[in-house]
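> the amino acid sequence is not available; the structure is as follows:
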């Protein structure tokens, strides 16, 4: 068997979008951290590293994208290539805590680990698939008795997976852990040998799965805005506030976690329904309301935010994708939202519960209209026109960024497929997931602030705020996190209540 990765297919335009960012260090990885629980007795005397290695190995055999490298990622035409084997010691790390930590201390340590992971570039992407699993768990002799708690992090290159795919990974890992333990025969000394007929087929790029259509008006307008000389275009007179201009250094991801407690989730979602909106539009408005009240009118007159949109519902029939919702790969576009001076002035001066809900309802309708238009005149269909991605990104350096905020919501995964009775009890006869935290690295040429949202059915919802050190003041984000936590704890804004 050759040890050289074998080319499978070129990356699609949206996949190249991410590989080119990584090659420059502009975007490094996304991650999903799930908290698993099980009784130690379920391990039947096996060690956590042994159990995890077998489960991850079986999952690699099920998910073809986990066994591909990216060759030529610094070129304009990178390729996915299958590797003949994976040394799982490079992809899996299990860390036993030295002592039992309280909830706050454990989360603080976890965020520091995630920041460090988000700052790292993937090495040897041309020969080693760019993903990693980190499992952090409590010692056996702890106050938890027979209960094993693991925080399992999937960190992965964005060309291999989108946010929704990270949830699919954890759902399938949960399935593997709940199966009778079987160590693959092709796994020996941490090296997983791929089948004699390696994965020659991985999921196609989204451009082959979705029939994007582009009008001449949209095409001409987009190309004009991107490529016309500056003196031909009208100068921007009212740029949205989006932190400091784009700069690659210093590259340091910062994270803050806001948790919607389980007891508040149902009330919050009910309030969203009663006010004709959903959680994503509400978070846009609440975060921007907090920013508007913490920034002066002279500093920030307008904002621009964006929402990634899952394209799985738009996979065309006959594409050989059997279960659209379980597609593991990259299927995403985005919607942009303008918060002009009148909207921001309202949030700054009259940030009442009624105003917040009304604006969230309006934004919800804008999102519905945007989704209804897919796949007509979609910006992702224009990525194929970019011939020099390196130049595309570098010319943005020292220029204002386009967006203030991104809110990325991947929904909630089912953490107890077969038995929810013991999720919070003293014993766990099966592996269960009680929490999910989606997080992103600092986006050098992206939004100044990102709110990544994920949850577990019947459990809490996590909001991970991420930003690049120096682009936004840390105290400003701390204030936003404080405001968000206040609103989330009470189930959202209250009618008749003025925001603090």
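Perfect, I can see it now. A quick note: this is a predicted structure, and the numbers were derived from the prediction, not measured.
> look at residue 25 and report its pLDDT.
Per-residue pLDDT puts residue 25 at 98.
> please apply the same query to the one 4 residues further on.
pLDDT for residue 29: 96.
> need the contact list for it.
With CB atoms under 8 Å, 6 or more residues apart in numbering as the criterion, the residues that contact residue 29 are 117-118, 120, 122, 130, 155-158, 441. Backbone N, C-alpha and C define where each C-beta goes, glycine included.
> if you set the cut-off to 7 Å instead, what comes out?
117-118, 155-157, 441 (CB atoms under 7 Å, 6 or more residues apart in numbering).
> ok, so of those, who is nearest residue 6?
residue 157 (18.9 Å; CB to CB).
> any idea how far the closest one lies from residue 69?
Distance of residue 157 to residue 69, given as CB to CB, to the nearest Å: 10 Å.
> over to residue 100?
Taking CB to CB, one finds residue 100 at 39 Å from residue 69.
> the two: which is more packed in?
Counting neighbours by other CB atoms under 10 Å for residue 100 and for residue 69 shows that residue 69 has the greater number, 24 against 14.
> that one and residue 127 touch, don't they?
Yes - checked against CB atoms under 7 Å, the pair residue 69 and residue 127 is within contact range at 5.5 Å.
> so what sits against both of those two?
5, 83.
> from the contacts of residue 29, which single one is nearest residue 164?
Of all those, the one with the least separation from residue 164 (CB to CB) is residue 156, at 12.2 Å.
> quick check, the closest one in contact with residue 131.
Yes - in terms of CB under 7 Å, residue 156 counts as a neighbour of residue 131; the distance is 4.1 Å.
> quick one: the strands in the stretch 101-250 of the chain, in order.
Per DSSP state E, counting those that start in this stretch, the stretch 101-250 of the chain has strands spanning 131-137, 147-156, 187-188, 191-193. These are given in chain order.
> in the first one, what's buried?
Right, the one you point to is strand 131-137. 131-137 (16 or more other CB atoms under 10 Å).
> now for it, which elements pack on it?
Other helices and strands packing on strand 131-137, by 3 or more CB pairs under 7 Å, 6 or more residues apart in numbering; DSSP states H and E, are helix 48-62, strand 92-96, strand 147-156.
> what do you get if the cut-off is 8 Å, keeping everything else the same?
Contact analysis of strand 131-137 by 3 or more CB pairs under 8 Å, 6 or more residues apart in numbering; DSSP states H and E lists helix 48-62, strand 92-96, helix 103-119, strand 147-156 as its packing neighbours.
> deepest of these, which one?
Per-residue neighbour counts averaged over each of the helices and strands packed on strand 131-137 give the maximum for strand 147-156, namely a mean of 22 (mean count of other CB atoms under 10 Å).
> need the residues that contact it.
By CB under 8 Å, 6+ apart, the list of residues contacting strand 147-156 from outside reads 29-40, 43, 48, 52, 106, 110, 113-114, 117-118, 130-138, 140, 165-166, 169-170, 173, 426-428.
> quick check, pLDDT for residue 496.
As summarised for this prediction, residue 496 has a pLDDT of 65.
> now do residue 420
We have a pLDDT of 42 for residue 420.
> which stretches in the stretch 201-350 of the chain count as helices?
Secondary structure of the stretch 201-350 of the chain (DSSP state H, counting those that start in this stretch): helices at 206-209, 216-227, 262-274, 279-294, 341-349.
> in CSV: the helices and strands packed on strand 131-137, plus distance to residue 208.
Listed next are those as CSV, based on distance: least, CB to CB, whole Å:
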stretch, distance to residue 208
helix 48-62, 22
strand 92-96, 32
helix 103-119, 30
strand 147-156, 21
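> just put these in a markdown table and tack on distance to residue 364 and mean pLDDT.
A markdown table is the format used below for the helices and strands packed on strand 131-137 (distance: least, CB to CB, whole Å; pLDDT from 0 to 100):
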| stretch | distance to residue 364 | mean pLDDT |
| --- | --- | --- |
| helix 48-62 | 36 | 96 |
| strand 92-96 | 41 | 96 |
| helix 103-119 | 30 | 95 |
| strand 147-156 | 30 | 96 |
